[in-house]
Each structure stands twice: as C-alpha cells, then as structure tokens.
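J.: based on what follows, work out the 3D shape:
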Amino acid sequence: MFKKILVPFDGSTNAETALEKAVELAALTGGEILILTVYRHHSMLEASFSMVRPKDPDNLDDVMREHAREVADHGKKIAQKAGAETVRAFIKSGQPARTIVSWAEEKGVDLIVLSSRGMGSVEGYLLGSVSHKVTALAKCPVLVF
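T.: Here you go, the predicted model:
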C-alpha cells in the first residue's frame, strides 16, 4: 500500500515522533522511508545582514545547506535506530510546503508523514502552518502527528 513514505524532517522533537511513526508504518507495509529536510534560500540582502564568522563559508546558503545536511543525516540515524529497513535522506532549498509537495510528486511518494508544530489557532489561521499547507496541496495521503 505505502511503498514510499516521505517524512519532512526539521530535527524537532515532534518531527522525530512523526519519523518514528513512519518507520512503524513502513515495517507494516514493506515501504521505504524518504527523509526530506528543506532549507530556505537567503537573498544577498539577507546575507549582508548576517554575522558569519570569517572561518565559516562566505555564502549563507552554504551554511544553511550544511545545517540541513546534518539534520537530514540525524533523521536517517533515528530511522535506522527505530528499525527502518530502507531509509534515504535528501535536502532541498525552497519554500517548505511547496517544496515538500512538489518533491513528493516528483518521487512518486504514496504517503507523507509530518508533524504539526501546534501553532495557536489565531496564528495558524492567519499564517498557516507547513503541515496545513501540505495537507491542502498534496495529491497523496498526508498523516499529521
């Protein structure tokens, strides 16, 4: 049923819980876990205001990309420790919800499992959360924890 399970992973405790639940589902269905960490592109203006130390990369996108890689690798280790048979980790740059949905379509994902940050009702209504946007845009089933 669910052969490709996508878990958007930001390293938070809630994301770890969603990842562990996805591993349980994958064990039941024989599916593989695809972990995706999305980082945001920063403009040159934003980069000019950053406080990057000289020993760090000059480009803020490089810093964000490296951090995203560390987060994705951490998620992969959690999934393996939880018993995932097949798990792969990826990183992408872009607006989180749209990037998650387009990447899921591109990879032929059967299920997206993600966490809800639990925003307050007013903030969630006015701004919208990533999980809310993903559920609205995705063409495959979405399970939110």
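
J.: so, low pLDDT: which residues of this structure?
T.: Along the chain, segments meeting pLDDT under 70 span 42-58, 118-128.

J.: what about the strands in it?
T.: 4-8, 32-39, 87-93, 111-114, 142-144 (DSSP state E).

J.: given the fourth one, what are its sheet partners and their directions?
T.: Next to strand 111-114 in the sheet, as set by DSSP bridges, lie strand 4-8 (parallel), strand 142-144 (parallel).

J.: may I see those strands arranged in a markdown table, with distance to residue 25 as well?
T.: From N, CA and C alone the C-beta is placed, and that goes for glycine too. Conversion of the strands paired with strand 111-114 to a markdown table gives the following (distance: least, Cβ to Cβ, whole Å):
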| stretch | distance to residue 25 |
| --- | --- |
| strand 4-8 | 6 |
| strand 142-144 | 8 |
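
J.: follow-up on the earlier one: quick one: closest of the strands of the chain to residue 136.
T.: Proximity to residue 136, assessed across these by Cβ to Cβ, is greatest for strand 142-144 (9.2 Å).

J.: before we move on, the earlier item: just the strands paired with strand 111-114: most buried one?
T.: Most buried of the strands paired with strand 111-114, by mean neighbour count (mean count of other Cβ atoms under 10 Å): strand 4-8, with a mean of 26.

J.: chain center to that strand: distance?
T.: 8 Å (Cα atoms, centre = their mean, to the nearest Å).

J.: CA-only coordinates of it in PDB, if you can.
T.: Extracted in PDB, the C-alpha atoms of strand 4-8 (Å, rounded to 0.1, in the frame of the first residue of the first chain):
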ATOM      1  CA  LYS A   4       7.300   5.300  -0.500                       C
ATOM      2  CA  ILE A   5       6.800   7.200   2.700                       C
ATOM      3  CA  LEU A   6       8.100  10.800   2.800                       C
ATOM      4  CA  VAL A   7       8.900  12.300   6.200                       C
ATOM      5  CA  PRO A   8       9.700  16.100   6.100                       C
END
